[in-house]
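Asker: Quick one, what's the 3D model for this:
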Amino acid sequence: MNDASLHTRTVVVERDFPHPAEKIWRALTQPHLIEAWLMKSDFAPVPGHRFSFNADWGSVACEVVVIEPNSSLSYTWSAMGLESVVTWTLCPTSTGTHLRMEQTGFRPEQEQAYLGAQYGWTTFMAELENVLSREN
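Answerer: Next comes the predicted model:
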């Protein structure tokens, strides 16, 4: 572990969904569904695949790190000086799926990015709920 990683912060957003992990996995990995709740992307669920998220404010350069279908998804997230990793973890529950999003790598001087991510991921998670309730 390098010294810099000791001084970074993490944003975590967790939510229980009344949907099976397979349905949430589709929303996390299919570009047309990702666009409906997050941003336009050329994502593909392949380790090493480089892709980007695009919004009116700019774009995010990413690379898939981990793909474990219906269980775990991790990708790098590089934008405006922020070098971070986003990890999604899906855990089945008796009523559906517990979804955890963790974004690591916020340096102390990146307070605005850190606060923006806290707000942004909470908003995106609510949009994900809307997409899931509309999808069959």
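Asker: host element of T87?
Answerer: strand 82-93 (DSSP states H and E).
Asker: Quickly run through the sheet partners of that strand, with directions.
Answerer: Here strand 82-93 is paired, per DSSP bridges, with strand 72-79 (antiparallel), strand 96-106 (antiparallel).
Asker: which residues are in contact with the first one?
Answerer: Strand 72-79 is contacted by residues 25, 28-29, 45, 51, 58-67, 83-90, 103, 105 when judged by CB atoms under 8 Å, 6 or more residues apart in numbering. C-betas here are computed from N, CA, C, even on glycine.
Asker: Could you do the last one as well?
Answerer: Residues outside strand 96-106 that contact it (CB under 8 Å, 6+ apart): 8-21, 24, 77, 82-92, 113-114, 117, 121, 125, 128.
Asker: Give me the longest helix you can find in this structure.
Answerer: Secondary structure of the chain per DSSP state H: the longest helix is helix 111-134.
Asker: one step back: could the strands paired with strand 82-93 go into JSON lines alongside mean pLDDT, mean neighbour count and distance to E35?
Answerer: Shown next, in JSON lines, are the strands paired with strand 82-93 (pLDDT from 0 to 100; neighbours: other CB atoms under 10 Å; distance: least, CB to CB, whole Å):
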{"stretch": "strand 72-79", "mean pLDDT": "97", "mean neighbour count": "18", "distance to E35": "16"}
{"stretch": "strand 96-106", "mean pLDDT": "98", "mean neighbour count": "19", "distance to E35": "17"}
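Asker: In CSV: the ones you listed, plus distance to M39.
Answerer: As requested, the strands paired with strand 82-93 are exported to CSV (distance: least, CB to CB, whole Å):
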stretch, distance to M39
strand 72-79, 11
strand 96-106, 14
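Asker: ok, what's across the strand from L90?
Answerer: Here L90 sits in beta bridges with L99, going by DSSP bridges.
Asker: Doesn't V64 belong to a strand?
Answerer: Yes. Under DSSP: H, G, I helix; E, B strand; the rest coil, V64 sits within a strand.
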